[in-house]
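K.L.:
sharing a model prediction with you, sequence too.
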Amino acid sequence: MRDYVAWHDQYDDPDSELSWRLRTVQGYLEAALDAALADATASVRLLSACAGDARDVVQVLAPREDAARVATTLIEVHPGIAARAARAAAAAGLRVDLRVTDAGTTDAYAGAVPADVVLLVGIFGNLSDADRQRTIRTAPQFCRPGATLLWSRGRDAGDLNSTVRAELTAAGFTELGYAAHPASDGPAVGAVRYDGPPRDLVAGQPLFSFRR
Ligand SMILES: C[S@@+](CC[C@H](N)C(=O)[O-])C[C@H]1O[C@@H](n2cnc3c(N)ncnc32)[C@H](O)[C@@H]1O
(Lines give C-alpha, C1' and ligand atoms only; values in the text may rest on other atoms or scores of the structure.)
Protein backbone atom coordinates (compact mmCIF):
# COMPACT_ATOMS: atom_id res chain seq x y z
CA MET A 1 0.00 0.00 0.00
CA ARG A 2 1.03 3.64 -0.47
CA ASP A 3 2.79 5.52 2.27
CA TYR A 4 -0.31 7.25 3.60
CA VAL A 5 1.67 9.19 6.20
CA ALA A 6 3.56 10.91 3.37
CA TRP A 7 0.33 11.18 1.35
CA HIS A 8 -1.06 13.52 4.02
CA ASP A 9 1.85 15.95 3.40
CA GLN A 10 0.00 17.15 0.29
CA TYR A 11 -2.28 19.03 2.67
CA ASP A 12 0.67 21.25 3.62
CA ASP A 13 0.30 23.05 0.30
CA PRO A 14 -2.93 25.08 0.28
CA ASP A 15 -2.81 25.12 -3.52
CA SER A 16 -2.63 21.33 -3.88
CA GLU A 17 -5.48 19.41 -5.43
CA LEU A 18 -5.87 17.58 -2.16
CA SER A 19 -6.31 20.86 -0.28
CA TRP A 20 -9.00 21.80 -2.81
CA ARG A 21 -10.67 18.46 -2.08
CA LEU A 22 -10.46 19.07 1.65
CA ARG A 23 -12.12 22.48 1.38
CA THR A 24 -14.82 21.02 -0.87
CA VAL A 25 -15.56 18.14 1.50
CA GLN A 26 -15.64 20.56 4.42
CA GLY A 27 -18.14 22.79 2.63
CA TYR A 28 -20.49 19.88 2.03
CA LEU A 29 -19.94 18.60 5.57
CA GLU A 30 -20.74 21.98 7.09
CA ALA A 31 -23.98 22.17 5.09
CA ALA A 32 -24.95 18.62 6.08
CA LEU A 33 -24.36 19.33 9.77
CA ASP A 34 -26.24 22.63 9.59
CA ALA A 35 -29.25 20.80 8.20
CA ALA A 36 -29.03 17.82 10.55
CA LEU A 37 -28.61 20.00 13.64
CA ALA A 38 -31.14 22.70 12.68
CA ASP A 39 -33.54 21.31 15.25
CA ALA A 40 -31.87 22.39 18.49
CA THR A 41 -32.89 19.15 20.17
CA ALA A 42 -31.35 16.96 17.48
CA SER A 43 -28.27 14.85 17.93
CA VAL A 44 -26.55 13.28 14.98
CA ARG A 45 -24.17 10.48 14.17
CA LEU A 46 -21.21 11.26 11.95
CA LEU A 47 -19.12 8.45 10.48
CA SER A 48 -15.88 8.69 8.52
CA ALA A 49 -14.44 5.49 7.04
CA CYS A 50 -10.74 5.46 6.14
CA ALA A 51 -10.65 8.71 8.07
CA GLY A 52 -6.95 9.45 7.73
CA ASP A 53 -5.91 12.12 10.22
CA ALA A 54 -9.53 13.32 10.22
CA ARG A 55 -8.71 16.94 9.56
CA ASP A 56 -11.86 17.26 7.43
CA VAL A 57 -14.10 16.33 10.35
CA VAL A 58 -12.06 17.93 13.15
CA GLN A 59 -11.64 21.30 11.44
CA VAL A 60 -15.37 21.53 10.78
CA LEU A 61 -16.51 20.37 14.20
CA ALA A 62 -13.97 22.29 16.29
CA PRO A 63 -15.50 25.77 15.94
CA ARG A 64 -19.13 24.60 16.12
CA GLU A 65 -21.03 25.39 19.29
CA ASP A 66 -23.25 22.38 18.63
CA ALA A 67 -20.36 19.93 18.26
CA ALA A 68 -21.36 18.17 21.48
CA ARG A 69 -24.52 17.02 19.71
CA VAL A 70 -22.46 15.14 17.15
CA ALA A 71 -21.42 11.56 17.95
CA THR A 72 -18.43 10.96 15.70
CA THR A 73 -16.93 7.63 14.69
CA LEU A 74 -13.65 7.53 12.81
CA ILE A 75 -12.31 4.29 11.30
CA GLU A 76 -8.65 4.26 10.29
CA VAL A 77 -6.44 1.21 9.97
CA HIS A 78 -2.99 2.86 10.20
CA PRO A 79 -2.06 3.25 13.88
CA GLY A 80 0.24 6.24 13.35
CA ILE A 81 -2.31 8.13 11.27
CA ALA A 82 -5.05 7.23 13.74
CA ALA A 83 -2.88 8.61 16.53
CA ARG A 84 -2.71 11.90 14.65
CA ALA A 85 -6.50 11.92 14.39
CA ALA A 86 -6.79 11.24 18.11
CA ARG A 87 -4.42 14.10 18.94
CA ALA A 88 -6.24 16.52 16.65
CA ALA A 89 -9.62 15.63 18.10
CA ALA A 90 -8.34 15.93 21.67
CA ALA A 91 -6.69 19.30 20.94
CA ALA A 92 -10.03 20.55 19.61
CA GLY A 93 -11.87 19.28 22.67
CA LEU A 94 -13.84 16.74 20.64
CA ARG A 95 -14.75 13.31 21.88
CA VAL A 96 -14.69 10.77 19.09
CA ASP A 97 -15.00 7.02 18.84
CA LEU A 98 -11.77 6.24 17.02
CA ARG A 99 -11.60 2.68 15.74
CA VAL A 100 -8.14 1.62 14.67
CA THR A 101 -9.30 -1.20 12.50
CA ASP A 102 -10.02 -2.37 8.97
CA ALA A 103 -12.99 -0.49 7.52
CA GLY A 104 -13.18 -3.11 4.79
CA THR A 105 -15.74 -5.30 6.53
CA THR A 106 -19.15 -4.40 7.88
CA ASP A 107 -18.10 -5.47 11.40
CA ALA A 108 -16.10 -2.24 11.73
CA TYR A 109 -19.31 -0.20 11.61
CA ALA A 110 -21.29 -1.99 14.34
CA GLY A 111 -22.85 0.47 16.75
CA ALA A 112 -21.86 3.49 14.65
CA VAL A 113 -24.64 3.19 12.09
CA PRO A 114 -27.11 4.17 10.82
CA ALA A 115 -25.44 7.56 10.70
CA ASP A 116 -26.80 10.94 9.64
CA VAL A 117 -23.63 12.01 7.85
CA VAL A 118 -21.24 9.51 6.26
CA LEU A 119 -17.85 10.26 4.73
CA LEU A 120 -16.41 7.83 2.19
CA VAL A 121 -13.65 10.20 1.12
CA GLY A 122 -10.40 9.05 -0.40
CA ILE A 123 -11.63 5.51 -0.87
CA PHE A 124 -13.26 4.77 -4.23
CA GLY A 125 -10.19 5.58 -6.36
CA ASN A 126 -8.18 3.02 -4.44
CA LEU A 127 -10.53 0.10 -4.98
CA SER A 128 -11.23 -2.40 -7.71
CA ASP A 129 -14.49 -1.86 -9.55
CA ALA A 130 -15.99 -4.86 -7.77
CA ASP A 131 -15.03 -3.57 -4.31
CA ARG A 132 -16.35 -0.08 -5.10
CA GLN A 133 -19.63 -1.50 -6.33
CA ARG A 134 -19.99 -3.73 -3.26
CA THR A 135 -19.24 -0.78 -0.98
CA ILE A 136 -21.80 1.42 -2.71
CA ARG A 137 -24.43 -1.33 -2.60
CA THR A 138 -23.75 -1.70 1.14
CA ALA A 139 -23.66 2.03 1.90
CA PRO A 140 -27.43 2.17 2.66
CA GLN A 141 -26.63 0.09 5.75
CA PHE A 142 -24.48 3.01 6.97
CA CYS A 143 -27.19 5.60 6.46
CA ARG A 144 -30.33 6.68 8.22
CA PRO A 145 -32.99 7.58 5.63
CA GLY A 146 -32.28 11.21 4.74
CA ALA A 147 -28.60 10.92 5.63
CA THR A 148 -25.98 12.77 3.64
CA LEU A 149 -23.09 10.74 2.25
CA LEU A 150 -19.97 12.44 0.93
CA TRP A 151 -17.66 10.64 -1.46
CA SER A 152 -14.68 11.46 -3.61
CA ARG A 153 -12.81 9.99 -6.50
CA GLY A 154 -9.80 11.30 -8.37
CA ARG A 155 -9.85 11.28 -12.15
CA ASP A 156 -6.12 10.69 -12.59
CA ALA A 157 -6.64 7.10 -13.74
CA GLY A 158 -9.60 7.94 -15.96
CA ASP A 159 -12.87 9.63 -15.12
CA LEU A 160 -15.22 6.92 -13.90
CA ASN A 161 -17.37 9.31 -11.96
CA SER A 162 -20.43 9.16 -14.20
CA THR A 163 -20.40 5.43 -13.43
CA VAL A 164 -19.94 6.02 -9.70
CA ARG A 165 -22.79 8.53 -9.67
CA ALA A 166 -25.06 6.06 -11.47
CA GLU A 167 -24.12 3.33 -8.98
CA LEU A 168 -25.04 5.61 -6.10
CA THR A 169 -28.38 6.43 -7.72
CA ALA A 170 -29.08 2.72 -8.21
CA ALA A 171 -28.33 2.14 -4.52
CA GLY A 172 -31.02 4.62 -3.44
CA PHE A 173 -29.09 7.89 -3.23
CA THR A 174 -30.13 11.25 -4.69
CA GLU A 175 -27.39 13.62 -5.73
CA LEU A 176 -27.21 16.87 -3.79
CA GLY A 177 -24.00 18.18 -5.28
CA TYR A 178 -20.96 17.28 -7.32
CA ALA A 179 -17.81 19.37 -7.71
CA ALA A 180 -14.80 18.59 -9.87
CA HIS A 181 -11.39 20.25 -9.65
CA PRO A 182 -10.68 22.38 -12.75
CA ALA A 183 -7.81 20.09 -13.78
CA SER A 184 -9.30 17.41 -16.01
CA ASP A 185 -7.50 14.69 -14.04
CA GLY A 186 -8.06 16.26 -10.63
CA PRO A 187 -10.22 15.11 -7.71
CA ALA A 188 -13.98 15.32 -7.53
CA VAL A 189 -16.34 15.29 -4.58
CA GLY A 190 -19.98 14.30 -4.44
CA ALA A 191 -22.74 14.70 -1.89
CA VAL A 192 -25.77 12.42 -1.97
CA ARG A 193 -28.82 11.85 0.22
CA TYR A 194 -30.01 8.38 1.10
CA ASP A 195 -33.66 8.17 0.06
CA GLY A 196 -34.16 4.44 0.47
CA PRO A 197 -35.70 2.46 3.33
CA PRO A 198 -33.92 1.70 6.62
CA ARG A 199 -31.44 -1.14 6.21
CA ASP A 200 -29.93 -3.18 9.03
CA LEU A 201 -26.19 -3.66 9.12
CA VAL A 202 -25.35 -7.20 8.04
CA ALA A 203 -22.38 -8.43 10.07
CA GLY A 204 -19.38 -10.18 8.61
CA GLN A 205 -19.65 -8.86 5.07
CA PRO A 206 -16.45 -8.01 3.17
CA LEU A 207 -16.49 -4.61 1.46
CA PHE A 208 -13.08 -3.66 0.11
CA SER A 209 -9.36 -3.74 0.42
CA PHE A 210 -7.17 -0.94 -0.90
CA ARG A 211 -5.15 -1.92 -3.96
CA ARG A 212 -2.71 0.98 -3.59
C1 LIG B 1 -6.55 8.50 0.62
S2 LIG B 1 -6.44 8.51 2.38
C3 LIG B 1 -7.89 9.44 2.81
C4 LIG B 1 -7.88 9.93 4.22
C5 LIG B 1 -9.02 10.90 4.57
N6 LIG B 1 -10.33 10.31 4.32
C7 LIG B 1 -8.85 12.18 3.80
O8 LIG B 1 -9.57 12.39 2.82
O9 LIG B 1 -7.96 12.96 4.17
C10 LIG B 1 -6.95 6.85 2.75
C11 LIG B 1 -6.82 6.45 4.20
O12 LIG B 1 -7.44 5.18 4.36
C13 LIG B 1 -6.65 4.38 5.22
N14 LIG B 1 -6.99 3.00 4.91
C15 LIG B 1 -6.58 2.23 3.88
N16 LIG B 1 -7.16 1.02 3.90
C17 LIG B 1 -7.97 1.02 4.99
C18 LIG B 1 -8.84 0.06 5.57
N19 LIG B 1 -9.00 -1.14 5.01
N20 LIG B 1 -9.51 0.39 6.68
C21 LIG B 1 -9.36 1.61 7.26
N22 LIG B 1 -8.54 2.56 6.77
C23 LIG B 1 -7.86 2.28 5.64
C24 LIG B 1 -5.22 4.80 4.93
O25 LIG B 1 -4.35 4.48 5.99
C26 LIG B 1 -5.40 6.31 4.71
O27 LIG B 1 -5.24 7.01 5.92
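P.N.:
Okay, I see it. Residues are numbered from 1 along each chain as shown.
K.L.:
looks to me like residue 192 is in a helix.
P.N.:
No. Judged by DSSP: H, G, I helix; E, B strand; the rest coil, residue 192 forms no part of a helix; its state is strand.
K.L.:
distance check, it against residue 201.
P.N.:
Note on residue 192: its distance to residue 201, by C-beta to C-beta, to the nearest Å, is 19 Å. Yep, even glycine has a C-beta here, placed from its N, CA and C like the rest.
K.L.:
more neighbours: those two, which one.
P.N.:
Using other C-beta atoms under 10 Å, the more surrounded residue of residue 192 and residue 201 is residue 192, with 26 against 16.
K.L.:
who does the closest residue to the more buried one other than its chain neighbours bridge with?
P.N.:
Leaving aside its sequence neighbours, residue 192 sits nearest to residue 173 (C-beta to C-beta, 6 or more residues apart in numbering; 3.8 Å). Note on residue 173: beta-bridge partners by DSSP bridges are residue 194.
K.L.:
per-residue confidence at residue 173?
P.N.:
Looking at residue 173, its pLDDT reads 98.
K.L.:
make residue 1 into 313 and carry on from there
P.N.:
From this message on, residue numbering opens at 313, which makes the last subject residue 485.
K.L.:
that one reaches residue 505, doesn't it?
P.N.:
Yes. With contact defined as C-beta atoms under 8 Å, residue 485 counts as touching residue 505 (6.5 Å).
K.L.:
shaky segments in this structure?
P.N.:
By pLDDT under 70, the chain has no low-scoring segment.
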